[in-house]
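Trainee: Let's see this in three dimensions:
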Amino acid sequence: RIPLITSKGNHDCASLYNLYFPMIEDEKKKEPAEDAHVTNFFSFDHGPVHFIVLNLHVGLGVCTPECIKRQKAWLAVDLAAVNRSQTPWIIVGSHLPFYTT
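Mentor: Here you go, the predicted model:
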């Protein structure tokens, strides 16, 4: 078995993708939202690691500026709740790279 965590991208939202590959946030509903396009950021712990998956698709019709505001507020609360003595590692990921040349 290979551990895998998915992150929705611009082609995965508002498509039939979830019928074949359900996303973790669709099952846990950690971030309440009015529509399915903004429920694509979440976090979970696995052993000593806290994983965070963000949506960086601003301006692509996937995450609106309001979604980003909710995501930023959610992220602050999520990070504050991490017990660094039990989960000293924090890994953040997204469908888009944080930096590219």
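Trainee: Flag the shaky bits of this protein, pLDDT-wise.
Mentor: For the chain, applying pLDDT under 70 flags the ranges 9-39, 58-63.
Trainee: Would you map the helices across it?
Mentor: With DSSP state H, the ranges of helices along the chain come out as 17-20, 24-28, 65-80.
Trainee: In this structure, mark out all the strands, start to finish.
Mentor: 42-46, 49-54, 89-94 (DSSP state E).
Trainee: Quick check: phi and psi on the residue lying closest to residue 46 once chain neighbours are set aside?
Mentor: Distances taken as CB to CB, 6 or more residues apart in numbering put residue 3 closest to residue 46, at 7.6 Å, once the chain neighbours are dropped. In short, each C-beta sits where N, CA and C put it, glycine included. Torsion angles at residue 3 (phi, psi; degrees, to the nearest 10) stand at phi -70, psi 140.
Trainee: how about the strands of the chain in CSV, adding distance to residue 73 and mean neighbour count?
Mentor: Converted to CSV, the strands of the chain look like this (distance: least, CB to CB, whole Å; neighbours: other CB atoms under 10 Å):
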stretch, distance to residue 73, mean neighbour count
strand 42-46, 14, 17
strand 49-54, 13, 19
strand 89-94, 16, 14
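Trainee: ok, now which ones touch residue 91?
Mentor: The contact partners of residue 91, taken as CB atoms under 8 Å, 6 or more residues apart in numbering, are 49-52.
Trainee: Now the two most distant members of those residues.
Mentor: The distance between the two most remote of the contacts of residue 91 (CB to CB) is 10.3 Å, for 49 and 52.
Trainee: any common contacting residues for the two?
Mentor: 90-91.
Trainee: hang on, isn't residue 90 packed against residue 48?
Mentor: No. Contact between residue 90 and residue 48 fails when scored by CB atoms under 8 Å: they sit 10.3 Å apart.
Trainee: just the CA coordinates of stretch 70-88, formatted as PDB?
Mentor: C-alpha atoms of stretch 70-88 as PDB (Å, rounded to 0.1, in the frame of the first residue of the first chain):
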ATOM      1  CA  ARG A  70     -12.300  31.800   4.800                       C
ATOM      2  CA  GLN A  71      -9.300  29.600   4.000                       C
ATOM      3  CA  LYS A  72      -6.900  32.000   5.700                       C
ATOM      4  CA  ALA A  73      -9.100  32.200   8.800                       C
ATOM      5  CA  TRP A  74      -9.400  28.400   8.900                       C
ATOM      6  CA  LEU A  75      -5.600  28.000   8.500                       C
ATOM      7  CA  ALA A  76      -4.900  30.300  11.400                       C
ATOM      8  CA  VAL A  77      -7.200  28.300  13.700                       C
ATOM      9  CA  ASP A  78      -5.900  25.000  12.300                       C
ATOM     10  CA  LEU A  79      -2.300  25.900  12.900                       C
ATOM     11  CA  ALA A  80      -3.000  27.200  16.400                       C
ATOM     12  CA  ALA A  81      -4.600  23.900  17.300                       C
ATOM     13  CA  VAL A  82      -1.600  21.800  16.400                       C
ATOM     14  CA  ASN A  83       0.100  20.300  19.400                       C
ATOM     15  CA  ARG A  84       3.800  20.600  18.400                       C
ATOM     16  CA  SER A  85       4.900  18.200  21.100                       C
ATOM     17  CA  GLN A  86       2.800  15.400  19.600                       C
ATOM     18  CA  THR A  87       3.000  16.500  15.900                       C
ATOM     19  CA  PRO A  88       6.300  18.400  15.500                       C
END
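Trainee: That'll do, ta.
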